[in-house]
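Asker: here's my sequence, what's the structure:
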Amino acid sequence: MRIIAIMNQKGGVGKTTSSVNIAAGLSRQGRRVCLLDLDSQGNSSAHLGVDLNARMSTIYQVFSGQKKLREVTQLVKKNLWLAPANIDLAAVEVELVDAQGREFILKRAIEAFTEELETEFDYVIMDCPPALNTVTINALTAATEMFIPVQPHYLSLQGLSRLLETTALIKRRLNRNLTITGIMLCLYETGTRLAADVTDDLLRFLDESDPASAWANARIFNSRIRRNIRLAEAPSFAQSIFEYAPDSAGAHDYANLVEEIIADEDRMSASKPLAA
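Answerer: Model (predicted):
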């Protein structure tokens, strides 16, 4: 099972759009996917048509110890489950300030959930909030991998350096299994000099990275997620891009990205040592 945190401390870079459409794309390829909405704005939940009312079961109740993860998770599409979020999740930062082991709540919840299932998920996708808070730290502590959506602007690169420092700290202190698999270029404007220059800078940075760093084996995904109005429209119809506009550039780009992610399955399987 791959547990993937989709994270960037900078907002507006395509984090939720990527979380939803990667999860939807994987489920359409027959993978069993659980999407965890970890943002108190509940954008992933709304994108998939979940009514964010005050009485619904949400991921907040997992953090507060009221419910198990399986009790707040619902099937929203074929092969796609969702643990929704609403504004209640914002209270976690205050409520858990003195809680012992608060960084491991989500990790333990995921482990307990998968132990209870007859068939394991292939993917757990976590849509993280655009901030370094208790919920984000929980996500990075639970994750095996991290995808970073980046808009190809120079200010985004400054935010990326801070995020990498944070990831290194989490890896060193809380989760030695955490690796950065790749960087997703979102809101990409094809043909512009700026996009090409920023991409070149990212490639150069990765090539020169310390082999011991959390991002030593990271790459930039070949699939560029182009700026596309259909991607912006899809949430208002409570649909993924594959349902809303299957022939659009956005659907094409995310389909290609999903193929890259699936291709990693074979590479990861090949790298595992054979049992004695």
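
Asker: low pLDDT regions in the stretch 1-150 of the chain?
Answerer: By pLDDT under 70, the weakly predicted segments of the stretch 1-150 of the chain are 54, 118.

Asker: now the stretch 151-276 of the chain
Answerer: If you take pLDDT under 70 as the line, the stretch 151-276 of the chain has these spans: 214, 266-276.

Asker: would you map the strands across it?
Answerer: Along the stretch 151-276 of the chain, counting by DSSP state E, counting those that start in this stretch, strands occupy 179-185, 219-220.

Asker: now do the longest one: distance to the chain's middle.
Answerer: Average the C-alpha atoms of strand 179-185, do the same for its chain, and the two points are 10 Å apart (CA atoms, centre = their mean, to the nearest Å).

Asker: over to stretch 186-199?
Answerer: Centre-to-centre, stretch 186-199 and its host chain are 22 Å apart (CA atoms, centre = their mean).

Asker: and the contacts of that stretch?
Answerer: Contact with stretch 186-199 is made by 13-14, 17-18, 149-154, 156-157, 185, 220, 224-227, as judged by CB atoms under 8 Å, 6 or more residues apart in numbering. C-beta: built from backbone N, CA, C; applies to glycine.

Asker: return the set of buried residues in that stretch.
Answerer: Neighbour counts over stretch 186-199 (16 or more other CB atoms under 10 Å) mark 186, 187, 188, 195, 198, 199 as buried.

Asker: which members of the contacts of stretch 186-199 are classed as buried?
Answerer: 13-14, 17-18, 149-153, 156, 185, 220, 224-227.

Asker: quick check, nearest of the buried residues of stretch 186-199 to residue 83?
Answerer: residue 186 (23.5 Å; CB to CB).

Asker: which elements pack onto the longest helix anywhere in the chain?
Answerer: Using DSSP state H, we find that the single longest helix of the chain is helix 249-271. Helices and strands touching helix 249-271, by 3 or more CB pairs under 8 Å, 6 or more residues apart in numbering; DSSP states H and E, are helix 15-28, helix 229-233, helix 241-244.

Asker: before we move on, the earlier item: turn the strands of the stretch 151-276 of the chain into JSON lines, columns for distance to residue 245.
Answerer: Below are these laid out as JSON lines (distance: least, CB to CB, whole Å):
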{"stretch": "strand 179-185", "distance to residue 245": "19"}
{"stretch": "strand 219-220", "distance to residue 245": "25"}
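
Asker: if we can go back for a sec, can you tell me which of the helices and strands packed on helix 249-271 is most buried?
Answerer: Each of the helices and strands packed on helix 249-271 was scored by mean neighbour count; the highest is helix 15-28, a mean of 26, by mean count of other CB atoms under 10 Å.

Asker: next secondary structure after that helix?
Answerer: Towards the C-terminus, the helix or strand next in line after helix 15-28, according to DSSP states H and E, is strand 33-37.

Asker: ok now the helix or strand following that next one, how far from the chain's centre?
Answerer: For strand 33-37, the succeeding helix or strand toward the C-terminus, using DSSP H and E, is helix 43-47. Centroid separation for helix 43-47 versus its chain: 13 Å, with CA atoms, centre = their mean.
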